[in-house]
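Student: Build me a model:
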Amino acid sequence: MSENRIVMYTDGAALGNPGPGGYGTILIWGPHKKEFAEGFRRTTNNRMELLAVIIGLEAIKKPGMTVDVYTDSKYVEQAVTKGWVFNWVKKGFKDKKNPDLWRRYLAIAKNHTVNFHWVKGHAGIPGNERCDELATNMAANHPVLVDTAYEQGLAG
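Tutor: Predicted structure coming up:
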């Protein structure tokens, strides 16, 4: 594995959708592995899926990395790989959800080469299974943070 390549696994969960939510992110860089997870009192699954990617990218301190993101979220994967998010930007995110998070994603993603890979959820992929465990645990047991944009109706 190249010293400039990072593998990221992500997952998000919301119990009730909307409801208590959480995300899980794993970064793997050579022999190093770091996990991130947080819980929110009221949010959506798609917000947590996208936030998981953002948190992982924001944790990368060295610019210019190649980041392979493995996600079971077609919402996140297709918005980027099919270029939808770039059209949403041109239209000012009119009638689109999560503009706050998409702007945050675009601001950090430009620092790296980000490659998305969709994986089937609950299919025995260790990184994806662990992120699911982290996200679900945070949603069920630690939903303490406030997703301010969502709760204030600013998430579309």
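Student: shouldn't residue 93 be in contact with residue 154?
Tutor: No - Residue 93 is beyond contact range of residue 154, at 11.0 Å (criterion: Cβ atoms under 8 Å). C-beta coordinates here come from the backbone N, C-alpha and C atoms, glycine included.
Student: of those two, who's got more company?
Tutor: The neighbour comparison of residue 93 against residue 154 (other Cβ atoms under 10 Å) goes to residue 93, with 16 against 11.
Student: tell me the contacts of the more buried one?
Tutor: 99, 102, 156 (Cβ atoms under 8 Å, 6 or more residues apart in numbering).
Student: Setting aside sequence neighbours, what's the nearest residue to the last one?
Tutor: Counting by Cβ to Cβ, 6 or more residues apart in numbering, residue 97 is the residue found nearest to residue 156 once chain neighbours are left out, at 3.7 Å.
Student: Kindly report the same for residue 144.
Tutor: In space, residue 144 is closest to residue 39, 6.1 Å off (Cβ to Cβ, 6+ apart).
Student: Low-confidence regions, this protein specifically.
Tutor: Of all residues in the chain, those with pLDDT under 70 make up the ranges 1-2.
Student: Buried residues, the helix or strand where residue 54 lies. List them.
Tutor: According to DSSP states H and E, residue 54 maps onto helix 45-59. Of all the residues in helix 45-59, those buried under the rule 16 or more other Cβ atoms under 10 Å are 45-57.
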